[in-house]
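> Structure, please.
(one chain, ligands or ions: 3)
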Amino acid sequence: MLWPLLVAFGLVARNVEATHTLRFACSQLVIERLDPLVNPGANPSPHMHQIVGGNAFNTTMDPALDIGDSSTCTTCSFSEDFSNYWTAVLYFRARNGTFKRVPQLANQNIETAEGGMTVYYISPDDRNSSLVAFQRGFRMLAGTAERRTRDSAFVNLFRCYDGYDEKMNYRPNPMGVAASDTTELPTRHCAGGVRVNTFFPTCWDGVNLDSPDHKTHVAYPVQGVFGNCPKSHPVEIPQVFIETIWDTGKFDQSLWPDDGSQPFVFSQGDPTGFGHHADYVFGWKGDSLQKAMDARCDVFDARPDPIIHPASECPQLRTQEQAVANECSKRQTAQEDIDAWIPTLPGGMPITYK
Ligand SMILES: *[C@@H]1O[C@H](CO)[C@@H](O)[C@H](O)[C@H]1NC(C)=O
Ligand SMILES: *[C@@H]1O[C@H](CO)[C@@H](O)[C@H](O)[C@H]1NC(C)=O
Ligand SMILES: *[C@@H]1O[C@H](CO)[C@@H](O)[C@H](O)[C@H]1NC(C)=O
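Ligands and ions are numbered 1, 2, ... in the order given. Predicted structure coming up:
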């Protein structure tokens, strides 16, 4: 186990055990107000999302649909992953009360198109674990959009960066700052951006591919990441988590409110970050993900540099050049200007503090 790197990826507070890490880039597919999981059929959905993955993403995504077969491209560097991953979007609120979308930054060397996300699938070291890598129609939700207070089990970890170099190596050195990670939006100015990791549950009831709240068919483990699923949800699934870096440094501190409070707010009206949430709709081709998980593919097995060559560690999977992945995009279905200064959050979402 490469403990310092796991710390870098934010797993420290999860009581780290030996694990294997599949890590890859997915660039931006589209930014729009759709949510086929929570608000299927609604065009537009209540709040703004940023979406990566396969281009079958749509207003409604029938669980019976084979997403792998109905997509023609994916923004992910593993070219058999047509899943969709999406989160809320961060906005800057200016002193005059208007809002502007905070753009995203690329991760260390592994993606280029408008930020996007870095996606992780962690598998347990224990080869006896019958890890089930999802199946067609599986979907889930991590976090609660309405939440504004600390949760007993954290879903999000935020990290404040002071800067980055031309290769998108972030300062301070990620290995040294885990202790300052927070489960809420940082309160200080982060000139190098704000990173947020959002963790999905790792235990499944083994029966339901979804549930009315998109949560109760899955559960967080009693402790740690693997080997401790509750009896109600006995089947281990990979630890999926996604990483986004918001370019908060674009908004100079001179533009911040006079009282020094942090001016960023998530698109569902959340100025705390406790309500940050992420959606997952499984869409890997055939059993490709299961094969990768069975092989315990691990980014840290890649040489010479696991951070720079993330796709080289898993011969079980097909890859595409990131430049090819970056060409995959989708026109907005819910059409709206996403880069204007706007008088309210998209959809008029009110900012709520509790
Ligand atoms: C989205 O769904 C609509 C209506 O079902 C369909 O006409 C359209 O082709 C779909 N778009 C994509 C990208 O699949
Ligand atoms: C509000 O403030 C922002 C940032 O200072 C500025 O760019 C924008 O033009 C202002 N909008 C209005 C309507 O004054
Ligand atoms: C895996 O199973 C084998 C055979 O039952 C057992 O000997 C071994 O201790 C198990 N390994 C772990 C890590 O539980």
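> alpha carbons only for contacts and neighbour counts from here, please
Fine.
> Same question for whatever helix or strand Leu289 lives in: list its buried residues.
According to DSSP states H and E, Leu289 maps onto helix 288-294. Across helix 288-294, burial judged by 16 or more other CA atoms under 10 Å covers Ser288, Leu289, Gln290, Ala292, Met293, Asp294.
> so what's the most far-flung residue of the chain relative to its centre scoring on pLDDT?
Centroid-distance maximum for the chain: Asp258 at 32.1 Å, with CA atoms, centre = their mean. Asp258 carries a pLDDT value of 88.
> Next, it: phi, psi?
phi -60, psi -30 (degrees, to the nearest 10).
> Quick check: it vs ligand 1, distance?
45 Å (CA to the nearest ligand atom, to the nearest Å).
> measure that residue to Ser211 for me?
Counting by CA to CA, to the nearest Å, the gap from Asp258 to Ser211 is 45 Å.
> go on, Phe78?
For Phe78 relative to Ser211 (CA to CA), the value is 28 Å.
> So the two - more neighbours on which side?
Using other CA atoms under 10 Å as the criterion, Phe78 and Ser211 rank with Phe78 on top: 24 against 14.
> thought the more buried one was touching Gln316?
No - taking contacts as CA atoms under 8 Å, Phe78 lies outside contact range of Gln316: 10.5 Å.
> Apart from its chain neighbours, what residue comes closest to the residue nearest the centre of the chain?
By CA atoms, centre = their mean, the chain has its centre lying nearest to Ile242, at 2.8 Å. Spatially, and ignoring its direct neighbours in sequence, Ile242 is nearest to Val119 (4.6 Å; CA to CA, 6 or more residues apart in numbering).
> Which positions in this structure make contact with ligand 1?
Asn55, Ala56, Asn58 (CA under 6 Å from any ligand atom).
> at 8 Å what do you get?
Counting by CA under 8 Å from any ligand atom, the chain comes close to ligand 1 at Asn55, Ala56, Phe57, Asn58, Thr59, Thr60, Ser70, Ser71, Lys330, Thr333.
> filter the residues you listed to the buried ones?
Asn55, Ala56, Phe57, Asn58, Thr59, Thr60, Ser71, Lys330, Thr333.
> Now do the contacts for the first one.
For Asn55, the contacting residues are Leu29, Ser71, Thr72, Cys73, Thr74, Phe82, Cys328, Ser329, Lys330, taking CA atoms under 8 Å, 6 or more residues apart in numbering as the criterion.
> No further queries at this time; thank you.
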